[in-house]
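Peer 1: 3D model of this:
(4 chains)
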There are 2 protein chains.
Amino acid sequence: MARRDEPPATTASPDAGAPHVRSDPVYVVKARLFRVLGHPVRIRILELLSEGERTVGDLQAELQVDSSGTSQHLATLRQQGVVESRRAGTSVYYRVRDPRVSQLLAVAKQILTSALSESHALLDELAEETPARSRRR
Amino acid sequence: MARRDEPPATTASPDAGAPHVRSDPVYVVKARLFRVLGHPVRIRILELLSEGERTVGDLQAELQVDSSGTSQHLATLRQQGVVESRRAGTSVYYRVRDPRVSQLLAVAKQILTSALSESHALLDELAEETPARSRRR
DNA sequence: TCTGAACTTTAGTGACTTCGAATATTTGGA
DNA sequence: TCCAAATATTCGAAGTCACTAAAGTTCAGA
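Peer 2: Reported below is the predicted structural model:
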């Protein structure tokens, strides 16, 4: 392949808190955002953070994921600018940067919910039509 | 790794038009949806389809992607139940299954837009504070 | 200053994706 | 029936991603 060809291109701070956006076509940036959301653990992290700030340790405990894994997923979210952190003593608090991220999760849920109920309805319909026997009369 | 460990588990039709959902935790299904959206070409396909039905050939031409690639991405979207198709002669028309998908794209755009303007504002601020010389007196 | 706690980063290794090319399939018409 | 057009599917190479394990950092308190 030759995916994600990033020419020596534009400048970018190592990670100044600003999202990793630089000058790529919009659809590439959008895809990057979605891709970052495309992992179960990161979805759960965002759901938890939607309720409020949490430390890495808190997340770690709730997710049942070890320190390393938690940090790595947080780093991925951070690099894309989805979450941001603040240090307090030895612990680090994370929070969602843009509340609309929760909206994204909510819409996804709606989509999946209705898809699910549709296939459910389909199943019921099939059961109605092909009951093999035991059909009311 | 050991990603996506799917035990011989639940039944699933080869691809009965119903989204690939089976019995997985919600966050896994959600992640799957986002992951499918996590590719530039698929984002563009969805943007085009948001405007209305299109044949594979139409998409192919607008995306500048060859037949094979277009089909593969469409297949990915189809498997997840994001789009559905209808055949008319030798060509196949695709359409978005749930209009809320467009909403997903719109929210993503908003998030990215404001993130971008934030970092823009930050840059301006820096330019204000560190003009080296030429600062208005 | 030394320690421990809380995190982060790095490195190695499979698993999964994507791509391009080649090979099917399906359908309408000659 | 045979062909051509429009799509799909398959396959192998090249990449990317995520997981585990093993170091690093940073900070507070003894």
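
Peer 1: mind listing the helices for chain A?
Peer 2: Taking DSSP state H as the criterion, chain A carries its helices at A:26-37, A:40-50, A:56-63, A:67-79, A:100-129.

Peer 1: Centroid-nearest residue for chain A?
Peer 2: The C-alpha lying nearest the average C-alpha coordinate of chain A belongs to A:Leu37 (Cα atoms, centre = their mean; 2.7 Å).

Peer 1: So what's the gap between stretch A:90-105 and the chain middle?
Peer 2: From the chain centre to the centre of stretch A:90-105 is a distance of 11 Å (Cα atoms, centre = their mean, to the nearest Å).

Peer 1: Start and end of it, how far apart?
Peer 2: 31 Å (Cα to Cα, to the nearest Å).

Peer 1: what is the mean pLDDT for it?
Peer 2: Summarised as a single mean, pLDDT over stretch A:90-105 is 97.

Peer 1: so does that stretch get close to DNA strand C?
Peer 2: Yes - against DNA strand C, stretch A:90-105 shows contacts by Cβ under 7 Å from any atom of the strand at A:Thr90, A:Ser91, A:Val92. Where C-beta positions appear, they are placed from N, C-alpha and C, glycine not excepted.

Peer 1: What lies in contact with that stretch?
Peer 2: Defining contact as Cβ atoms under 8 Å, 6 or more residues apart in numbering or on different chains, one finds that stretch A:90-105 is touched by A:37, A:43, A:45-47, A:49-50, A:52-57, A:59, A:74, A:81-87, B:30, B:104, B:107-108, B:110-111, B:114-115.

Peer 1: between the helix or strand bottoming out on mean pLDDT in chain A and helix A:26-37, how many degrees?
Peer 2: Across the helices and strands of chain A, mean pLDDT, DSSP states H and E gives its lowest value to helix A:100-129, namely a mean of 85. Orientation check (axes from the mean of the first three to the mean of the last three Cα atoms, to 10 degrees): helix A:100-129 against helix A:26-37 gives 70 degrees.

Peer 1: Next, the buried residues of helix A:100-129.
Peer 2: Neighbour counts over helix A:100-129 (16 or more other Cβ atoms under 10 Å in any protein chain shown) mark A:Val101, A:Gln103, A:Leu104, A:Leu105, A:Val107, A:Ala108, A:Ile111, A:Leu112, A:Ala115, A:Leu116, A:Glu118, A:Ser119 as buried.

Peer 1: Looking at these, spot the one nearest A:Ser67.
Peer 2: A:Val101 (23.8 Å; Cβ to Cβ).

Peer 1: Distance of that closest one relative to A:Lys109?
Peer 2: For A:Val101, the distance to A:Lys109 equals 13 Å [Cβ to Cβ, to the nearest Å].

Peer 1: do A:Arg32 as well
Peer 2: Separation of A:Arg32 from A:Lys109 (Cβ to Cβ) stands at 22 Å.

Peer 1: Ok, A:Leu37 next?
Peer 2: 13 Å.

Peer 1: Check A:Val28 too.
Peer 2: 26 Å.

Peer 1: neighbours around A:Arg78, how many?
Peer 2: 20 (other Cβ atoms under 10 Å in any protein chain shown).

Peer 1: With the one 10 residues further on instead?
Peer 2: Under the neighbour criterion other Cβ under 10 Å, A:Ala88 is assigned a count of 9.
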